[in-house]
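Peer 1: missing the sequence, but the structure's below:
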């Protein structure tokens, strides 16, 4: 880690914001299958389950829209702390829920906190990171989500054996613990240096950069150079400052807004949260029998998801954004297509006495479907998982970064909400047709990324103006960017020679 040890530490601790969302997702996926939860809330059907699941993401949508203003005005750091308090309140209401309405209100309030965190944490991480490890640091957000899923799956599995309402109340209440840890930790973490400079607090910004880059050495040449670069970028940006959200739709920012919105929407259109929320139901439909078999398979799913994210963290700044996400899209598409064909050709639908759907697949096909789910999770975790958060957090100028990211993150939660609402219904009505829909979307995503998304690896946040001022056809603009890079290299050589 060397000079960047402090940046890794700050980025890692703040990534606990992602852990909270992963923890909630993992909890609900298994709680939905718990007998005591079903009995207490009068066995909600597919529509009821869709509403309960999706109300958290509705709150996330609202929270992410509010986060831009809060993060600009009160700082990234304080906004994260407020979000922890809001999330804890929502979790407490869910834990003590006496009826379905109280549960839904608690989930919406918790969603407000998660929505704020999901926008603010990647921005905070990107602003405390040097360019060559920014992708790795922001991807810690996604890794934290996978850890939250993993821990929640196994807590649920253990609590599944409790023969009372405590089987679901305990896991929901435990969500408050990481929120408290993140709140306390943020007290000791620095403000974003870019936010400090934007508020003319230059001495504090220099101290933060020295802490993050040079072990506290205020006179380090790289610290001084980065401070000057950020000051100049902020000065230029103030001349064209965005004062309203409507200005984000004007040239030249409009292109980046569209790219950010689409990549966040496509992350959800991979269908990842259908898998994470409803995998136990999918495993049951596929013929995985036994009282705990589907929950155990979901626990294994969480382990695979967490481990598969590690290569992305280590190599995302070497692999790049474009080719990684195109390869991941292709992997997701193939697994969905195989699953759709195998299920559609062999299923024989029946309804169990409890109202759940059974596809009665042959044993070999059942195992094939489970393997395809695991391979899909690997493909997602190594690509869309981290890059869906990295790309929007790094492409916008300082003065509009929070507002722009609040819009792009809101698109993620909007699609998450819609998918969470309709997925339980479609899983029962069209079964393998849902897999086919996701396969088509992922094949289309390969072309979309190739045609429109420029590569951003190893670029400074101040560098993005050059990357996004060329042709909207990214595959045609690579020559211009290569010429810019060559000019920069020659400029640095000449500068060193003159010294």
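Peer 2: Okay, I see it. In this text the structure is predicted, and so the values were computed from the model without any measurement.
Peer 1: could you use CA atoms for every contact and neighbour count after this?
Peer 2: OK.
Peer 1: per-residue confidence for residue 367?
Peer 2: What the model reports as pLDDT for residue 367 is 86.
Peer 1: okay, now it: neighbour count?
Peer 2: Residue 367 has 16 neighbouring residues, counting by other CA atoms under 10 Å.
Peer 1: may I ask you to name the longest helix in the chain?
Peer 2: Across the chain, the longest stretch assigned as helix under DSSP state H is helix 398-429.
Peer 1: mind giving me the packing neighbours of that helix?
Peer 2: helix 46-74, helix 100-127, helix 221-239, helix 253-269, helix 272-285, helix 384-394 (3 or more CA pairs under 8 Å, 6 or more residues apart in numbering; DSSP states H and E).
Peer 1: and those helices, which one's lowest on average pLDDT?
Peer 2: helix 272-285 - the lowest mean pLDDT of those, at a mean of 78.
Peer 1: just checking, what packs against whichever helix or strand comes after that one?
Peer 2: Scanning forward in sequence from helix 272-285 by DSSP states H and E, the next helix or strand is helix 293-319. Where contact means 3+ CA pairs under 8 Å, 6+ apart, helix 293-319 is packed against helix 134-159, helix 272-285, helix 363-381, helix 384-394.
Peer 1: report the buried residues of stretch 319-332.
Peer 2: Within stretch 319-332, the residues that count as buried by 16 or more other CA atoms under 10 Å are 320-322, 324-332.
Peer 1: ok, back up a step: nearest to residue 400 among the helices and strands packed on helix 293-319 would be which one?
Peer 2: With CA to CA as the measure, helix 384-394 is the member of these nearest residue 400 (11.1 Å).
Peer 1: so of the buried residues of stretch 319-332, which ones are in helices?
Peer 2: Per DSSP H, the buried residues of stretch 319-332 map to helices at 322, 324-332.
Peer 1: now, among these, which is nearest to residue 283?
Peer 2: Nearest to residue 283 among these, with distances taken as CA to CA, is residue 332, at 18.1 Å.
Peer 1: and the angle from the longest helix of the chain to helix 100-127?
Peer 2: 140 degrees (axes from the mean of the first three to the mean of the last three CA atoms, to 10 degrees).
Peer 1: immediately after helix 398-429, which helix or strand?
Peer 2: Note on helix 398-429: by DSSP H and E, the next helix or strand toward the C-terminus is helix 432-452.
Peer 1: and that next one, what does it pack onto?
Peer 2: helix 253-269, helix 322-346.
Peer 1: give me the contact list for stretch 313-321.
Peer 2: Stretch 313-321 has contacts (CA atoms under 8 Å, 6 or more residues apart in numbering) with 132-137, 139-140, 143, 324, 386-387, 391, 455-458.
Peer 1: please apply the same query to stretch 136-148.
Peer 2: 8, 11-12, 15-24, 26, 121-122, 125-126, 129, 302, 305-306, 309-310, 312-317, 385-387, 389-390.
Peer 1: pLDDT weak spots in the chain?
Peer 2: The model of the chain has pLDDT under 70 over residues 1-2, 240-244, 286-295, 354-355, 461-462, 488-499.
Peer 1: want to throw the helices and strands packed on helix 432-452 into JSON lines with distance to residue 230?
Peer 2: JSON lines is the format used below for those (distance: least, CA to CA, whole Å):
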{"stretch": "helix 253-269", "distance to residue 230": "19"}
{"stretch": "helix 322-346", "distance to residue 230": "26"}
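Peer 1: so which of these is nearest residue 406?
Peer 2: helix 253-269 (9.9 Å).
Peer 1: quick one, that closest one and helix 384-394 angle?
Peer 2: Using the same axes, to 10 degrees: helix 253-269 against helix 384-394 is 160 degrees.
Peer 1: other SSEs contacting helix 253-269?
Peer 2: helix 384-394, helix 398-429, helix 432-452.
Peer 1: which of those sits most buried?
Peer 2: Most buried of the helices and strands packed on helix 253-269, by mean neighbour count (mean count of other CA atoms under 10 Å): helix 384-394, with a mean of 28.
Peer 1: so which residues make contact with that helix?
Peer 2: Taking CA under 8 Å, 6+ apart as the rule, helix 384-394 contacts 122-123, 126, 135, 138-143, 259-260, 263-264, 267, 309, 312-313, 321, 325, 328-329, 401, 405, 408, 456, 461.
Peer 1: check stretch 468-478 too.
Peer 2: So stretch 468-478 is contacted by 252, 255-256, 450-454, 480 (CA under 8 Å, 6+ apart).
Peer 1: can you give me the end-to-end distance of that stretch?
Peer 2: 11 Å (CA to CA, to the nearest Å).
Peer 1: just the buried residues of it, please?
Peer 2: 468, 474, 477-478.
Peer 1: also stretch 216-229?
Peer 2: For stretch 216-229, by 16+ other CA under 10 Å, it's 218, 223, 226-227.
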